[in-house]
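*Asks:* here is my input, please return the structure:
(chains A and B)
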Protein chains: 2
Amino acid sequence: MSFFPPSLENLIDKFASLPGIGRKSAQRLAFHILSLTDSEAKEFADAVIDAKSGVKCCKVCQNFTEDDICGICRSDRREKGTICVVSEPRDVLSIERGKEYNGVYHVLHGVLSPVSHIGPDELKIKELLHRVAETDVEEVIMATNPDTEGEATAMYISRLLKPFNIRVTRLAYGIPVGSNLEFADNATLNRAIEGRTEM
Amino acid sequence: MSFFPPSLENLIDKFASLPGIGRKSAQRLAFHILSLTDSEAKEFADAVIDAKSGVKCCKVCQNFTEDDICGICRSDRREKGTICVVSEPRDVLSIERGKEYNGVYHVLHGVLSPVSHIGPDELKIKELLHRVAETDVEEVIMATNPDTEGEATAMYISRLLKPFNIRVTRLAYGIPVGSNLEFADNATLNRAIEGRTEM
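*Replies:* Predicted coordinates for the structure are as follows:
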């Protein structure tokens, strides 16, 4: 039922098309837009256009940037011989927050997912292989998520990297720091025991 | 920490300024915008501008419309002598969904809320009084929400309507149809008993 004025219905539809936004939330967001001043609404619309037109993928690591090559890839202080492969740009943010890692990244922009028809060609895998072939890479750390699709993607890529004869590693599994054994799931606990280290 | 490109950070900020959208959700929405095609992103931005510039308040009932007077107020089939007063445009939608009510509406665009500094002048109360004074109104149904602020607003307006000598009513309180006594809160149950009707 189209009850609201067409332009308002259209805005509600647009919000509802965003991931995780249902019809009721979309209504609330659209009503909020109507409550903004004209210039605030324009700023919102401009932000959408500017981000879409201004942001592109770094030619080296495929992370989001407004330049041809991103800040991390341009930096002299990062070790270019270590590439951490992540599935999404937000994962770069997570690892950078730890302030320990000093290598560079490669963003796949997704994971292999036959269900969603995402195959190797949809990801930035070719770009990774090209990078490993052309530059002096010592180690590739597979840092995709520890779920089925992340695992499969890591496995697939590690096989492609075999011929290059470089070190390919995977993030360690185990008990999260500060957590409680009681609440750890069996799979995590088993992996933590398998991967136990000398004290 | 500003980690993403400025235009992307800006878009994330804009999404995060919407009600009920936290930082993580805003990131996800902004990433979704980047994954759209250029024309889809433009459609989204245009929808914001069009809704903001195209939608105004009906001169009679203050509901959202793209015309001077909304469809309900223009309709010959609606009884203009009964005005249902609601706080938000979405409440009109809720009542219309019931398909029982055949009168017209008046949208207050909020409720009295001293905490949020919303007084009578911020609501469309003057417009309601003017409407009651100028047109042939028989009954005003107060249909604000049954919470503290909705109650206070209904009470306040019903007092202002006293001098006009018209019927002023309030939506009935009681057990929701199809619900279970076991889960009804005490206040609702007490109101349901107080308001009991002959069978």
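*Asks:* go ahead and confirm A:Leu189 touches A:Leu181.
*Replies:* Yes. Counting by Cβ atoms under 8 Å, A:Leu189 does reach A:Leu181; the two are 7.2 Å apart. All C-beta atoms are positioned from the backbone trio N, CA, C, and that covers glycine.
*Asks:* outside of whichever strand in chain A runs longest itself, list whatever touches it.
*Replies:* Determined from DSSP state E, the single longest strand within chain A is strand A:79-86. With contact meaning Cβ atoms under 8 Å, 6 or more residues apart in numbering or on different chains, strand A:79-86 is reached by A:61, A:92, A:95, A:101-108, A:128, A:131-132, A:135-144, A:154, A:157.
*Asks:* just the helices in chain A please.
*Replies:* Secondary structure of chain A (DSSP state H): helices at A:6-16, A:23-35, A:38-54, A:71-74, A:89-97, A:125-134, A:148-161, A:186-194.
*Asks:* other SSEs contacting the longest one?
*Replies:* If you count contacts as 3 or more Cβ pairs under 8 Å, 6 or more residues apart in numbering or on different chains; DSSP states H and E, helix A:38-54 packs onto helix B:6-16, helix B:23-35, helix B:38-54.
*Asks:* save those helices as JSON lines, and put in mean neighbour count and mean pLDDT too.
*Replies:* Below are the helices and strands packed on helix A:38-54 laid out as JSON lines (neighbours: other Cβ atoms under 10 Å in any protein chain shown; pLDDT from 0 to 100):
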{"stretch": "helix B:6-16", "mean neighbour count": "20", "mean pLDDT": "94"}
{"stretch": "helix B:23-35", "mean neighbour count": "18", "mean pLDDT": "92"}
{"stretch": "helix B:38-54", "mean neighbour count": "18", "mean pLDDT": "94"}
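*Asks:* B:Thr169 is nearest to which of those?
*Replies:* helix B:38-54 (34.0 Å; Cβ to Cβ).
*Asks:* in chain A, which residue is closest to the centre?
*Replies:* Nearest residue to the geometric centre of chain A (Cα atoms, centre = their mean): A:Glu88, 1.0 Å.
*Asks:* in JSON lines: the helices of chain A, plus distance to B:Asp38.
*Replies:* Listed next are the helices of chain A as JSON lines, based on distance: least, Cβ to Cβ, whole Å:
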{"stretch": "helix A:6-16", "distance to B:Asp38": "15"}
{"stretch": "helix A:23-35", "distance to B:Asp38": "22"}
{"stretch": "helix A:38-54", "distance to B:Asp38": "6"}
{"stretch": "helix A:71-74", "distance to B:Asp38": "25"}
{"stretch": "helix A:89-97", "distance to B:Asp38": "19"}
{"stretch": "helix A:125-134", "distance to B:Asp38": "22"}
{"stretch": "helix A:148-161", "distance to B:Asp38": "28"}
{"stretch": "helix A:186-194", "distance to B:Asp38": "43"}
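*Asks:* pLDDT value on the closest residue to A:Glu127 other than its chain neighbours, please?
*Replies:* Counting by Cβ to Cβ, 6 or more residues apart in numbering or on different chains, A:Gln62 is the residue found nearest to A:Glu127 once chain neighbours are left out, at 6.0 Å. Listed pLDDT for A:Gln62 reads 95.
*Asks:* need phi/psi at A:Gln62.
*Replies:* phi 70, psi 10 (degrees, to the nearest 10).
*Asks:* next one: A:Cys61
*Replies:* On the backbone of A:Cys61 - angles per degrees, to the nearest 10 - the values are phi -100, psi -10.
*Asks:* and for the one 5 residues further on?
*Replies:* Note on A:Glu66: backbone dihedrals following degrees, to the nearest 10 are phi -100, psi -10.
*Asks:* and it, how many neighbours?
*Replies:* 16 (other Cβ atoms under 10 Å in any protein chain shown).
*Asks:* B:Glu9 is in contact with that one, correct?
*Replies:* No. Assessed by Cβ under 8 Å, A:Glu66 is found out of contact with B:Glu9, at 10.5 Å.
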